[in-house]
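Enquirer: Give me the fold of what follows.
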Amino acid sequence: SYPTYPGRNFFIIKIDVLGDTVWSKHYGNGHDGYYVGLINSINQVDSNKFIVAGSVNDTLGNTLGIIYMFNQSGDTLFTKRFNFTGEHIFNSTFVISPDSILVVGYTWIGSGNNNIIAMCVDSLGNIHWQNTYGDPGMDEFGYYISANTTDVLIGGRNAPVGNNVSDVYIISCNLGGDQLWYETFGESYSDFGGGEICPDGNYLVHGSMQPDTAGSAYAYLAKISPSQNVLWEKVFPFNYQQTDAIVSVIQFPSGEIVAAGQFFNTESPDYYECFLLKTDENGEELWRRTYRGREGVHTYVATLKQTADNGFAICGYVYPDGVNSQDGWLLKVDSVGCLVTNDCEPVGIIQPEAETEKLLVYPNPASQEFTVSNLILRQGQHDKIVKIYNSIGQQVYLQPINHELSINVANWQNGIYYVVVGEQKAKIVVAH
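Expert: Residues are numbered from 1 along each chain as shown. Below you'll find the predicted structure:
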């Protein structure tokens, strides 16, 4: 935030279970520019300590990594700047123990070359180890870091210097920060993302994949083994796929996964919105929900956390087109993504619609095929995407539609299916 100019501070807010502010505090000195990291930059160290990682632009033109430690009341316990070679920015932290805290970001080492930087510090900010990762002629950016009892996983993106064609970049290290291997994942153009260590010892890779120069990109999720074998990979299409991305994930001991991110919604109209989705242990979608931080603004996600009541909190920011300002945004939902407990459909995608906006699906029930019609197009719009979900929220069909569409269901299982075209929805029964 900008409480004074030209200084930029960062702020921390403590809220109660209803989202009401308990206290809020700004941190900075009024003349330097302070920035928090992009992903998971705040974490709890112990019952009374929290750590924040970020960067500061000082009045001498230096960009330094910085960590803040503060208590439950927001009082600063210490601040530490790290003046390594080159300019550097911290993005994320991960707490192994109160005396072993991981920090990741990236450092500019000259000639337009960025490398990933990671370090492990104790509860006073003293460095256990520090390392940089990357290859000459490549730009590497570190956004995510996680660990278990034997490994550290770093996630980000890399690209040739001066080239926007990037890949998701995953680095595996031991607990001393020594690199064991790295792997890249991506399509032909600009991809970015990160990785997390799963409870079963495998790794989740997530982010955004852009397959062509048209600018469209889809939300991506994959699971790989420590030997770098891809166990499965999934994409989650929305209605336009313009830089759709999974930003933050949680995997449970059962293997189920909850992921949050943003997508470009041409129905809203033309704004980024937030999504929350759940998959089984194989990445098959169980349900998804979408949210707007505010009408008429873009909504972006930074972090997903599980709450003590088994629900979820999503933190991010909102801002309108053409305005150089933004607001922080926090969303609290229950264990199935409902803003009000038990007040949304179990599948998470079907909401009641006005009768005049309903799709027509016929015959209903259907045994061999059915037709979708009564499509509502906005002025200048020529087609939309029809998506069909089964009764547990798994997407089973995806196809463009411009007026009406006949769908063959001869090989589909009997049951109830939900047809979704933008904001229009209908229910169809398949019975052979």
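
Enquirer: residue ranges with poor pLDDT in the stretch 251-400 of the chain?
Expert: When residues are selected by pLDDT under 70, those of the stretch 251-400 of the chain lie in 267-270, 321-324, 340-358, 376-383, 391-393.

Enquirer: how about a cut-off of 50?
Expert: Along the stretch 251-400 of the chain, the parts satisfying pLDDT under 50 run over 346-356, 378-380.

Enquirer: residue ranges for the strands of it, please.
Expert: Taking DSSP state E, counting those that start in this stretch, the strands of the stretch 251-400 of the chain run over residues 257-265, 271-279, 285-291, 298-306, 312-319, 327-333, 360-362, 369-373, 384-389, 395-401.

Enquirer: Take these and write them to CSV, including distance to Tyr203 and mean neighbour count.
Expert: C-beta here means a position set from N, CA and C on the backbone, and glycine is covered the same way. Output for these, formatted as CSV (distance: least, Cβ to Cβ, whole Å; neighbours: other Cβ atoms under 10 Å):
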stretch, distance to Tyr203, mean neighbour count
strand 257-265, 12, 25
strand 271-279, 16, 23
strand 285-291, 20, 20
strand 298-306, 17, 20
strand 312-319, 22, 20
strand 327-333, 26, 16
strand 360-362, 41, 15
strand 369-373, 39, 17
strand 384-389, 28, 21
strand 395-401, 24, 13
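
Enquirer: Could you save those as CSV and add columns showing distance to Leu38?
Expert: Output for the strands of the stretch 251-400 of the chain, formatted as CSV (distance: least, Cβ to Cβ, whole Å):
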stretch, distance to Leu38
strand 257-265, 13
strand 271-279, 16
strand 285-291, 20
strand 298-306, 7
strand 312-319, 11
strand 327-333, 14
strand 360-362, 43
strand 369-373, 40
strand 384-389, 30
strand 395-401, 29
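
Enquirer: who's in contact with the residue nearest to Lys234 when sequence neighbours are not counted?
Expert: In this structure, Lys234 finds its nearest non-sequential neighbour in Gly283, 4.1 Å apart by Cβ to Cβ, 6 or more residues apart in numbering. Residues counted as contacts of Gly283 (Cβ atoms under 8 Å, 6 or more residues apart in numbering) are 221-223, 232-234, 257.

Enquirer: Ok, His206 next?
Expert: Per Cβ under 8 Å, 6+ apart, neighbours of His206: 193-196, 220-222, 246-247, 249, 259.

Enquirer: 10 Å instead, please
Expert: Going by Cβ atoms under 10 Å, 6 or more residues apart in numbering, His206 touches 144, 155, 168, 185, 193-196, 219-223, 234, 245-249, 257, 259, 261.

Enquirer: Please, which helix or strand holds it?
Expert: According to DSSP states H and E, His206 maps onto strand 203-209.

Enquirer: and that strand, which strands flank it?
Expert: strand 192-197 (antiparallel), strand 218-224 (antiparallel) (DSSP bridges).

Enquirer: same question for the shortest one, mean pLDDT?
Expert: Averaging pLDDT along strand 192-197 gives 86.

Enquirer: ditto for the longest one
Expert: Predicted confidence along strand 218-224 averages 90 (mean pLDDT).

Enquirer: distance between that strand and the chain's centre?
Expert: Here strand 218-224 is found 11 Å from its chain centre; the criterion is Cα atoms, centre = their mean, to the nearest Å.

Enquirer: same thing with the first one?
Expert: With Cα atoms, centre = their mean as the basis, the distance from the averaged C-alpha position of strand 192-197 to the chain average is 10 Å.

Enquirer: Please apply the same query to stretch 179-196.
Expert: On Cα atoms, centre = their mean, the centre of stretch 179-196 falls 15 Å from the chain's centre.

Enquirer: what about that stretch, start to end distance?
Expert: 16 Å (Cα to Cα, to the nearest Å).

Enquirer: Also stretch 250-259?
Expert: OK, stretch 250-259 end separation, Cα to Cα: 6 Å.

Enquirer: Can you list the neighbours in contact with that stretch?
Expert: Outside stretch 250-259, the residues within contact range by Cβ under 10 Å, 6+ apart are 196-200, 202-204, 206, 219, 221, 223, 234, 236, 246-249, 260, 275-283, 285-288, 301, 304-306, 312, 335, 337.

Enquirer: Run through the residues that contact Ser373.
Expert: For Ser373, the contact set (Cβ under 10 Å, 6+ apart) comprises 359-362, 401, 403-406.

Enquirer: Can I get those residues in TSV including distance to Val318?
Expert: Putting the contacts of Ser373 into TSV (distance: Cβ to Cβ, whole Å) gives the following:
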residue	distance to Val318
Leu359	31
Leu360	36
Val361	35
Tyr362	40
Ile401	31
His403	35
Glu404	37
Leu405	35
Ser406	40
